[in-house]
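1. what follows is a predicted structure for the sequence shown.
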Amino acid sequence: MKVGIANLLKLLVNTAEKGANVARIIRSDADLLNLLVEEKKGDSKNQRFVQDFKTLADVLVQEIVRHDLSEEIPDIKGSIYGEESNTFTNALGESITVEIQSTKQQTTDLLSQVLDGNVRAAELLAREAHESVVVDTGNGLEKLVGLEEDVEDLGVWIDPIDSTAQYIGGLQGTIEDCGIASEGLQCVVVIIGVYNKHTGLPLVGVTNQPFATYDALSERWIGESMWGVCVGDTRVNSLSKESINNPRDKPIILMSTSESEDVQNTFRKKSSIHYAAGAGYKLLCAIQGLADSYILSKSSTYKWDACGPHAILLSIGGGLISFKNLKDADLQGSETLVRDLQIRYHKADRPGASGADKWCNDGGVVAYTSSAMLKTIKEIIV
Ligand code: 2IP
Ligand code: CA
């Protein structure tokens, strides 16, 4: 069965917006937020955090995306992979599998089990899950007319809420002069990436920042959605021309505060380093031209963090490669060589590992916004 890329994109943009709505609803209700927080345990725990939280918000957003996609494209259901396990344990120790049901009432009943009988909260969330949400995808869709892919060739990675720690922290971050917030709700991103199961390359990426800007007048957070497509020779995205190509004397490089001293020192000499929370957010900052690159030497990002933003990077003429491969990469050769370097999403980097570790981007990542920028970054490390 074939699926039109324009239709798939619309579906992804709408379902990501629904996910962002759920993220906002939960954050705006303190009771709900407290009810929903559950500590991540065992293998699915990101080793970097002393306390890492899996929230129902994460699971719910993931299941909404899974449900919406499978409803329209039934054959894709078995190829949707998310960061979260959808089994949740309530206060009574009962294990419940969270899935969006056929009717709003059924979803309410299921969620109220997870929420220990809190029907009000369950109704609120079920209403959003079953709402029909349609957002404007903006310009560019006309360039996708006639573009189709076989559904059997597609796989989907979902990171329902990237920057969970910032989401739970709930602070309003300060936007620095460079336009980047180093922490806070602005760093939270709903991420969906579609890739080709044979090549492993990303094809379509959709991101939604539920808390992109705070409107003091209405006392509400306003979201921001972004998308990009790189299918064959077709490269289209939702970005305005001005945000792309922003040459600077000294590149701005985004890093995690957990980055090793060695790597920071190497780059400090010839670039301006900025720090921000969230792998997805750092990738989005590069995509928007607020930074030229995101560099991480550790294996602490995952396929679900990277697949969606990677598709958007490809659509602007950039890409995402493994940090460990950069030093020996041949960047003088053909475009095919650079394409061969791209991170892939169809196979585990650590097949023998268990839990989240299996799907890490082994050896770190280097996100770049143009081939010229990739060469500049390589020159800094060699
Ligand atoms: C995390 C989150 C972290 C990031 C880490 C991701 O995903 O984006 O913020 O670390 O790499 O895996 P850092 O902020 O240091 O870049 P999640 O929040 O979904 O666990
Ligand atoms: Ca993540």
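-> Good, I have the coordinates. Ligands and ions are numbered 1, 2, ... in the order given.
2. for ligand 1, what is the nearest residue in the stretch 51-200 of the chain?
-> Distances between the stretch 51-200 of the chain and ligand 1 by CB to the nearest ligand atom are smallest at Thr164, namely 3.9 Å. (Each C-beta comes from the backbone N, C-alpha and C, glycine too.)
3. that residue: neighbour count?
-> Using other CB atoms under 10 Å, Thr164 has 24 other residues around it.
4. and it, its phi and psi?
-> With angles defined as degrees, to the nearest 10, Thr164 sits at phi -60, psi -40.
5. wait, what's in contact with the nearest residue in space to Ala181 that is not next to it in sequence?
-> The shortest distance from Ala181 to any non-neighbouring residue, by CB to CB, 6 or more residues apart in numbering, is to Gly173 (3.5 Å). By CB atoms under 8 Å, 6 or more residues apart in numbering, the contact list for Gly173 reads Gln166, Ala181, Ser182, Glu183, Gly184, Leu185, Gln186, Cys187.
6. what helix or strand is the residue in the stretch 201-350 of the chain that ligand 2 sits nearest to on?
-> Residue nearest to ligand 2 within the stretch 201-350 of the chain: Asp305 (4.3 Å; CB to the ion). Assessed by DSSP states H and E, Asp305 sits inside helix 303-315.
7. same question, Gly200
-> Judged by DSSP H and E, Gly200 forms part of no helix or strand.
8. give me the distance between it and Lys327.
-> 22 Å (CB to CB, to the nearest Å).
9. who has more neighbours out of the two?
-> Using other CB under 10 Å as the criterion, Gly200 and Lys327 rank with Gly200 on top: 16 against 9.
10. where's the residue lying closest to the more buried one once chain neighbours are set aside relative to Pro202, distance?
-> What sits nearest to Gly200 in space, not counting adjacent residues and going by CB to CB, 6+ apart, is Arg344, at 3.0 Å. Using CB to CB, we find Arg344 at a distance of 9 Å from Pro202.
11. can you pick out the residue with more neighbours from the two?
-> The residue with more neighbours, out of Arg344 and Pro202, is Pro202; 33 against 18, by other CB under 10 Å.
12. number of nearby residues for the nearest residue to the more buried one once chain neighbours are set aside?
-> Excluding the flanking residues, the one nearest Pro202 by CB to CB, 6+ apart is Ala311, at 3.8 Å. As a burial measure, Ala311 scores 29 neighbours (other CB under 10 Å).
13. so what sits against both of Arg344 and Pro202?
-> Tyr195.
14. grab the most central residue of this structure for me.
-> For the chain, the residue nearest the mean C-alpha position is Ile191 (2.8 Å; CA atoms, centre = their mean).
15. three-state assignment of it?
-> Secondary structure assignment for Ile191 (DSSP: H, G, I helix; E, B strand; the rest coil): strand.
16. that one contacts Asp305, correct?
-> Yes - with contacts counted by CB atoms under 8 Å, Ile191 reaches Asp305, the gap being 6.7 Å.
17. what touches both of those two?
-> Residues touching both Ile191 and Asp305 (CB under 8 Å, 6+ apart): Asp159, Asp162, Gly280.
18. identify the residues contacting the last one.
-> Neighbouring residues of Gly280 by CB under 8 Å, 6+ apart: Asp159, Asp162, Ser163, Val189, Ile191, Thr207, Asp305, Gly308, Pro309.
19. apart from its neighbours in sequence, what residue is nearest the third one?
-> Put plainly, it is Ser163. According to CB to CB, 6+ apart, the nearest residue to Ser163 is Gly278 (3.5 Å).
20. ok, now which ones touch the one you found?
-> Asp162, Ser163, Gln166, Cys187, Val188, Val189.
21. sketch out the low-pLDDT regions of the stretch 201-350 of the chain for me.
-> Low-confidence segments of the stretch 201-350 of the chain (pLDDT under 70): 241-246.
22. near ligand 1, which residues of it show up?
-> Within the stretch 201-350 of the chain, the positions adjacent to ligand 1 are Ser256, Ser258, Ala277, Gly278, Ala279, Ser300, Thr301, Tyr302, Asp305 by CB under 6 Å from any ligand atom.
23. do that again at 8 Å, thanks
-> For the stretch 201-350 of the chain, the residues in contact with ligand 1 (CB under 8 Å from any ligand atom) are 256-258, 276-282, 296, 300-302, 304-305.
24. now, which of those residues sits nearest Ile80?
-> The closest of these to Ile80 turns out to be Trp304 (CB to CB; 10.9 Å).
25. any idea how far Cys178 is from the closest one?
-> To Cys178, Trp304 is 27 Å away according to CB to CB.
26. more neighbours: those two, which one.
-> Trp304 (26 against 13).
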